[in-house]
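K.L.:
next come a sequence and a model predicted from it.
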Amino acid sequence: MRAGTLRTILSVLAVASTVSASGLTPRDRAELEEQAHLAELEELTRRVLSLAKKLHGPENPKVADLHDAVGRVLQRKGAFVEAEASHRDALGIRERSGASPDGAMASGLTLLGAAVEEQGRFSDAVLIYERAIRVNMASSLPSLDLLLRARENIARAHGRAARGKLDGGVIVVRLRPGSVGGRAGVNVGDWIRRYDATVVRGTHHLRELTQASKDRPRVVLELIRGDKTVELLVPGGKLGLRVTE
């Protein structure tokens, strides 16, 4: 482990130790411990990447996989610009190899899209997710899980773009077959802004609101769809939707 990384870890742990006596919440302590863990994990992953370059050469597919591994850690740290660069390094290696589309490239594109999306570049992210779907479907063994995940990511990116800078709400990323919400007119990509005149503060809050209204025949659901506001009447209770913030 490099001295710089060790100092970072010790610094984080020292802060956690100092403030624990002054009423730091368990959640705050867990976040500090996670920072230390990620600092160590990033250093370890980068060392493995460096070794792989020396052993296999910088254009080896294993090196591409490790660039994606570094990107994953950076995304967990919230370093999305650095993560994007790492995922693009992985993509470049795979593109230059001339190999047929495969699951590794599709998965790497999905990771790249996520890093771009978290920077607020929603249109760019959608294009990357769409490419991930094309690569996945062209591979010898397409992944249904990756296909569904990429479609959900596209819906989320569209919803986040429509939401803009407004607070609250959740984005519909999947409709369950025969769902109450789907029958009422909810679409994938809709942003649920209000439930029965109450601003939805997140996924858990929406669950609480639907549970509290389960005995009511109808409630008003306010949606943002593109640049329009849509109101739908839905039965009280579960909507049968998969949503994200």
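P.N.:
Everything's here; your move. These figures come from a predicted structure and were not determined experimentally.
K.L.:
CA only for contacts and neighbour counts going forward, please
P.N.:
Noted.
K.L.:
and the closest residue in space to Gly57 that isn't next to it in sequence, what pLDDT?
P.N.:
Setting aside the residues directly before and after it, Gly57 is nearest to Val63 in space (C-alpha to C-alpha, 6 or more residues apart in numbering), at 7.9 Å. The score at Val63 is 94. That number is its pLDDT.
K.L.:
in what helix or strand does Glu231 lie?
P.N.:
strand 228-234 (DSSP states H and E).
K.L.:
what's in contact with stretch 201-216?
P.N.:
168-170, 195, 200, 219, 235-239, 243-245 (C-alpha atoms under 8 Å, 6 or more residues apart in numbering).
K.L.:
now intersect those residues with the strands, please.
P.N.:
In strands, judged by DSSP state E, the following of these are found: Val170, Tyr195, Val219, Val243, Thr244.
K.L.:
dump the residues you listed to JSON lines, plus neighbour count.
P.N.:
Listed next are the ones in strands among the contacts of stretch 201-216 as JSON lines, based on neighbours: other C-alpha atoms under 10 Å:
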{"residue": "Val170", "neighbour count": "28"}
{"residue": "Tyr195", "neighbour count": "22"}
{"residue": "Val219", "neighbour count": "18"}
{"residue": "Val243", "neighbour count": "23"}
{"residue": "Thr244", "neighbour count": "20"}
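K.L.:
circling back to that earlier point, for the residue nearest to Gly57, what are its contacts?
P.N.:
Leu49, Ala52, Lys53, His56, Gly57, Ala90.
K.L.:
which one of these has the most neighbours?
P.N.:
Ala90 (28 neighbours; other C-alpha atoms under 10 Å).
K.L.:
that residue against His67, yeah?
P.N.:
Yes - between Ala90 and His67 there is a contact at 5.4 Å, judged by C-alpha atoms under 8 Å.
K.L.:
re earlier: need the max-distance pair from the ones in strands among the contacts of stretch 201-216.
P.N.:
The span of the ones in strands among the contacts of stretch 201-216, defined through C-alpha to C-alpha, is set by Val219 and Thr244 at 21.0 Å.
K.L.:
what about the strands in this structure?
P.N.:
Assigned by DSSP E, the chain shows strands spanning 170-175, 191-195, 198-199, 219-225, 228-234, 241-244.
K.L.:
and the residue most central in space within the chain, what does it touch?
P.N.:
Nearest to the geometric centre of the chain sits Ala114, at 5.5 Å (C-alpha atoms, centre = their mean). Going by C-alpha under 8 Å, 6+ apart, Ala114 touches Ala125, Asn153.
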